[in-house]
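Engineer: Generate a structure from the sequence data that follows.
(2 chains)
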Number of protein chains: 2
Amino acid sequence: MVDARITASVTGIRIWPSWVTQTLQSNAIATGNKVMTTNAIELRNAFGTFMTGVTVVTTKEEDGTPRGFTANSFSSVSLDPPLLLICIANTAFSADVFRNASGFAVNILAEGQIETSNLFASKSPEKFEKASWTQGPAGNPVIDDVLSWFDCTVHDVFDAGDHFILVGKVEGFATNDGGPLGYARGGYVTMDLERKVAQRPNDNRIAVSTIVECDGKVFLTPGKEAGTLKLPRRVLEKGEATLPALEGILHAHGLNANVGFLYSVFDDESGKPQEVVYRTTTNDAVCSNGQFFDLESLDMSVLETDTLKRILDRFRVEHQNQIFGLYVGPAAGGNVHPVSG
Amino acid sequence: MVDARITASVTGIRIWPSWVTQTLQSNAIATGNKVMTTNAIELRNAFGTFMTGVTVVTTKEEDGTPRGFTANSFSSVSLDPPLLLICIANTAFSADVFRNASGFAVNILAEGQIETSNLFASKSPEKFEKASWTQGPAGNPVIDDVLSWFDCTVHDVFDAGDHFILVGKVEGFATNDGGPLGYARGGYVTMDLERKVAQRPNDNRIAVSTIVECDGKVFLTPGKEAGTLKLPRRVLEKGEATLPALEGILHAHGLNANVGFLYSVFDDESGKPQEVVYRTTTNDAVCSNGQFFDLESLDMSVLETDTLKRILDRFRVEHQNQIFGLYVGPAAGGNVHPVSG
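Structural biologist: Predicted coordinates for the structure are as follows:
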C-alpha cells in the first residue's frame, strides 16, 4: 500500500507547511452558507474546494542534478509577455533550489498520470530515474506524455506569507490531446475512470458502496453476522446504473447526500463482484445519528471483511490529512492496490 | 441563444486581453510531445489544459457600489498568514477598481452555478440585482450557495506582465458540501451532468454525436439525403452506454480519438430522442482526411438539420475564441437552450 505521506503531499505538504490548528482573525458573520469557521484546517479544506489540475514542477541544480515535485498551486498569468506562476512553501524540501534557480518547467499531468503525480509527490531519491523526461528549451526537465509543458526562465519572485510566488517567463512549450488529471477536495478527479465505471459492460458484476463522512465520522450499518458493521453497499443487477442505485441506498438509510468522487475501484476476490467505492461528504446535522462512528476509536475487528478494514484504515489515515488517494486495483489478488502500483 | 461574448469572457476576456497572434521567443526543440508552437493563441490553449474551478471575484467601490467578474486564475497561497491570489488583466473593465480596493471576496462556484458564472462574465449592469448575495465580514459581496467564499483585505499587489496579481488576506470564509464547477480546455466540466447523461434511465431514448475537431476543421459524414452532411451520430439501443457507442462510431470512421467533455444536451423535438453532443479534439495528423471541413468556408445549408446548423454555428463562433459553453436544453422546444436560460 502506498505510503500515506506520499499521497498526502500531492497538494498537502507542498502547500500547507503544518497541520497546526490556529485561530484566524474572524469578525465573521453567518450567511446563507454554513456558519463561519475559524480553523486553519477548515481553511485548507475550503481552499481545496477549488478544482485544479496537477502539475510537476522541475528545475536543475547548478551541477545539473534534476529536481522536481508535485504541485497544484499553478496559475497562468500573462500573455504578453508570456508568464505563469507557481506557489512554493518556504519549508518545502526543494524551496531553496527553486528560489535560487534561473529557470523551471511546469508539466501539466494528463488523466493517466496519477503514478507520476505520486512519484513526484514522494521523497524518492530516484524520481528522475523512474520517470521518462527530456531537457526543455530553457534547460529544465520536461516529463514525457504530459498534457502540456512550459519551460521558463525566472521572471520574478514574490514573498507571500509562508510561501513564495515564482513567476516564470515561458521560453518554450508544447501541448497534447487528452484529458486532464484533476484534483478537488483533497482527492484526484478523473473523468475517464468515472466514465469507465459508469459505463461498464453489462456483463460485469459490480458492487457499489460509499464512505459517508461527516465531521470525521463514518456511517456504518449492520453486516450479515451479528455484531459486524459494513458500508452502505449493494450488488447491482445486470445493467443497473451505479449512482442512482447508491443514492437509493443512502435514501433508504435516511441520508440525504450527493455521492462524491470515486475512492477505490478493485476486485476483491476471484468470482466476487468488482468493488466500486465512492467518497461522500454530508453535512454536520446528521452526525448525531448513532450510525456514524469515529474511526479513531472504532474497534476495526467489528468490520465485516478484511478488505473493508483496509479501506477504512487507509481512509482513517488520509482523513487526518484530508488528502485522499484514488486506488484502482488489477483483476487478480485480494488487496487494495494503489494506482502507483 | 446566449451572446457568444458572454460565454467567451468566462475565462477569456478577463485573462487574455487580446486574440492577437504573436511570436514568442522560441529556441524550441521537438520532444516526445507535439512539435513546439510559437503562437500566443496556442499558448493560451496550452494554459487551458490546466483544469480549474470557476470563481466570482467581488469588491465594492468607495460609494458602496458592488463590482464583480468571473475568473479562474485563482490559487491558494499561504496558511499562516492565510493568503490567496487572483490574477487580473490590466485591461479588464474593473481593473482600476480592484487595484485600488482595500479588499475583495473570492466566491468558488458550485457545480450548478453555470448561470452565475455566465452572469458575472457578462457586461450586464445588473449583475448584483440578478444574483443573490450578502455582505461578507470584510465588507465585500458574498454570493449565495457557492461552494466556498473567502472575504479578504488586500495584502499585496504585484505587477506581472499584462496582468497584476492581487494577494488577499482571508478575514473570514465559509464552505459548503457539494461538487465544484470545473473548467478545462475552454469549456465547463461538471461531473454531475456527465453522470446524469451516462446513467440515464434505460427507458429514455437518446442519440449521441460528437463534434470532432482538428486544426479548426470538423469531421462530417454524409447524411440520409444526397448532398447533406451530419456529425457522427447514432440513436442508442435501450440501456446502451453512450461513450462506448460513440467510440465505436469514431472507430468505424477510422478516427482514433478519445471523446472529450459534453458540449450540448437537449431535446430537439417532441417524440425524437434526446440529443447528447460531445466535443472531441483529435491530433493534426488526421486532418488531411477529406471529411474534415473548415466551418468558416462551409456552406451551412448542406447540413442535415436546422438543429445541427445551430450547433455548428455556435461552435464556429466559440472556436474562434477557443472558449466553449455547455448548453443544456429543457424538455420542450426545438432550440438549443443555454444553461443560462
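
Engineer: out of everything not next to it in sequence, what's closest to the residue of the stretch 101-250 of chain A found nearest chain B?
Structural biologist: Of all residues in the stretch 101-250 of chain A, residue A:161 sits closest to chain B, at 2.9 Å by Cβ to the nearest Cβ. Any C-beta I mention is one placed from the backbone N, CA and C, and that applies to glycine too. Once flanking residues are discounted, residue A:161 sits nearest to residue B:78: 2.9 Å by Cβ to Cβ, 6 or more residues apart in numbering or on different chains.

Engineer: Could you double-check that the residue of the stretch 101-250 of chain A closest to chain B sits in contact with residue B:77?
Structural biologist: Yes. Using Cβ atoms under 8 Å, residue A:161 is in contact with residue B:77, at 6.3 Å.

Engineer: Between the two, which contacts overlap?
Structural biologist: The contact sets of residue A:161 and residue B:77 overlap at residue B:83 (Cβ atoms under 8 Å, 6 or more residues apart in numbering or on different chains).

Engineer: got a list of what the residue nearest to residue A:161 touches?
Structural biologist: Counting by Cβ under 8 Å, 6+ apart, residue B:78 touches A:87, A:160-163.

Engineer: let's see it at 6 Å
Structural biologist: Shown in contact with residue B:78 (Cβ atoms under 6 Å, 6 or more residues apart in numbering or on different chains): A:160-163.

Engineer: same check, this time on residue A:232
Structural biologist: By Cβ under 6 Å, 6+ apart, the neighbours of residue A:232 are A:221, A:249, A:253.

Engineer: one step back: please name the bridge partners of the residue nearest to residue A:161.
Structural biologist: Taking DSSP bridges as the rule, residue B:78 bridges to residue B:83.

Engineer: State the distance from it to residue B:57.
Structural biologist: 18 Å (Cβ to Cβ, to the nearest Å).

Engineer: can you check residue A:219 too?
Structural biologist: Distance check for residue A:219 against residue B:57: by Cβ to Cβ, it reads 37 Å.

Engineer: before we move on, which element is residue A:250 in?
Structural biologist: helix A:242-252 (DSSP states H and E).

Engineer: packing partners for that helix?
Structural biologist: strand A:206-214 (3 or more Cβ pairs under 6 Å, 6 or more residues apart in numbering or on different chains; DSSP states H and E).

Engineer: Paired strands for the strand it packs on, with orientation please.
Structural biologist: Under the rule (DSSP bridges), strand A:206-214 has strand A:217-219 (antiparallel), strand A:233-235 (antiparallel), strand A:274-281 (parallel) as partners.

Engineer: Using CSV, list the CA coordinates for it.
Structural biologist: The C-alpha atoms that make up strand A:206-214 are tabulated as CSV, following Å, rounded to 0.1, in the frame of the first residue of the first chain:
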residue,chain,number,x,y,z
ILE,A,206,-20.3,-4.9,-9.7
ALA,A,207,-20.9,-3.8,-6.1
VAL,A,208,-21.2,-0.2,-5.2
SER,A,209,-20.6,1.3,-1.7
THR,A,210,-19.7,4.6,-0.3
ILE,A,211,-17.9,6.0,2.7
VAL,A,212,-20.3,8.7,4.0
GLU,A,213,-18.3,11.0,6.2
CYS,A,214,-19.5,13.7,8.5
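
Engineer: Contacts for it next, please.
Structural biologist: With Cβ under 6 Å, 6+ apart as the criterion, strand A:206-214 contacts A:218-219, A:231, A:233, A:235-236, A:242, A:245-246, A:259, A:273-282, A:286-287, A:292, A:315.

Engineer: shaky segments in chain A?
Structural biologist: Along chain A, segments meeting pLDDT under 70 span A:1-39, A:199-204, A:268-270, A:283-289, A:320-341.

Engineer: now the strands paired with strand A:206-214 in TSV, with distance to residue A:210 and mean neighbour count?
Structural biologist: TSV is the format used below for the strands paired with strand A:206-214 (distance: least, Cβ to Cβ, whole Å; neighbours: other Cβ atoms under 10 Å in any protein chain shown):
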stretch	distance to residue A:210	mean neighbour count
strand A:217-219	9	23
strand A:233-235	8	16
strand A:274-281	4	21
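
Engineer: Let's have those in CSV, adding distance to residue A:186.
Structural biologist: Formatted as CSV, the strands paired with strand A:206-214 follow (distance: least, Cβ to Cβ, whole Å):
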stretch, distance to residue A:186
strand A:217-219, 16
strand A:233-235, 23
strand A:274-281, 9
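
Engineer: how far away is the nearest residue to residue A:234 once chain neighbours are set aside from residue B:81?
Structural biologist: Computed as Cβ to Cβ, 6+ apart, the closest residue to residue A:234 that is not its neighbour in sequence is residue A:249, at 5.6 Å. Distance of residue A:249 to residue B:81, computed by Cβ to Cβ: 44 Å.

Engineer: Just want to know which of the two has more residues nearby.
Structural biologist: Neighbours per residue (other Cβ atoms under 10 Å in any protein chain shown) separate residue A:249 from residue B:81, with residue A:249 holding more: 18 against 15.

Engineer: how far away is that one from residue B:290?
Structural biologist: 52 Å.

Engineer: Just to be sure, residue A:309 is in a strand?
Structural biologist: No. Counting by DSSP: H, G, I helix; E, B strand; the rest coil, residue A:309 falls outside a strand, being helix.

Engineer: Let me see the contact set for it.
Structural biologist: Applying Cβ under 6 Å, 6+ apart, we find residue A:309 in contact with A:300, A:303.

Engineer: try residue A:260
Structural biologist: Neighbouring residues of residue A:260 by Cβ under 6 Å, 6+ apart: A:278-281.

Engineer: sorry, back to before: tell me which residues are up against the helix holding residue A:250.
Structural biologist: Counting by Cβ under 6 Å, 6+ apart, residues outside helix A:242-252 touching it are A:208, A:210, A:232, A:234, A:236, A:257, A:259, B:195, B:199.

Engineer: let's see 8 Å
Structural biologist: Residues contacting helix A:242-252 (Cβ under 8 Å, 6+ apart): A:197-198, A:206, A:208-210, A:212, A:232-234, A:236, A:256-257, A:259, A:276, A:278, A:280, B:195, B:199, B:201.

Engineer: wait, does stretch A:133-143 contact chain B?
Structural biologist: Yes. Counting by Cβ under 8 Å from any Cβ of the partner chain, chain B has neighbours in stretch A:133-143: A:134, A:136-137, A:142.

Engineer: out of the residues you listed, which are buried?
Structural biologist: A:136-137, A:142 (16 or more other Cβ atoms under 10 Å in any protein chain shown).

Engineer: Now that we have the residues you listed, can you turn them into TSV and tack on secondary structure?
Structural biologist: Below are those laid out as TSV (three-state DSSP):
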residue	secondary structure
A:136	coil
A:137	coil
A:142	strand
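
Engineer: quick one on the thing from earlier: compare residue A:161 and residue B:77 and say which is more crowded by neighbours.
Structural biologist: A direct count of neighbours by other Cβ under 10 Å for residue A:161 and residue B:77 places residue B:77 higher, at 30 against 21.

Engineer: about what we covered before: now, of the contacts of helix A:242-252, which are buried?
Structural biologist: Neighbour-count burial (16+ other Cβ under 10 Å) applied to the contacts of helix A:242-252 gives A:197-198, A:206, A:208-210, A:212, A:232-234, A:236, A:257, A:259, A:276, A:278, A:280, B:195, B:199.

Engineer: ok so, going back, let me know the closest of the contacts of residue A:260 to chain B.
Structural biologist: Distances from chain B to the contacts of residue A:260, taken by Cβ to the nearest Cβ, are shortest for residue A:281, at 5.5 Å.

Engineer: how about that closest one, what does it touch?
Structural biologist: So residue A:281 contacts A:185, A:212-214, A:257, A:260, B:177 (Cβ under 8 Å, 6+ apart).
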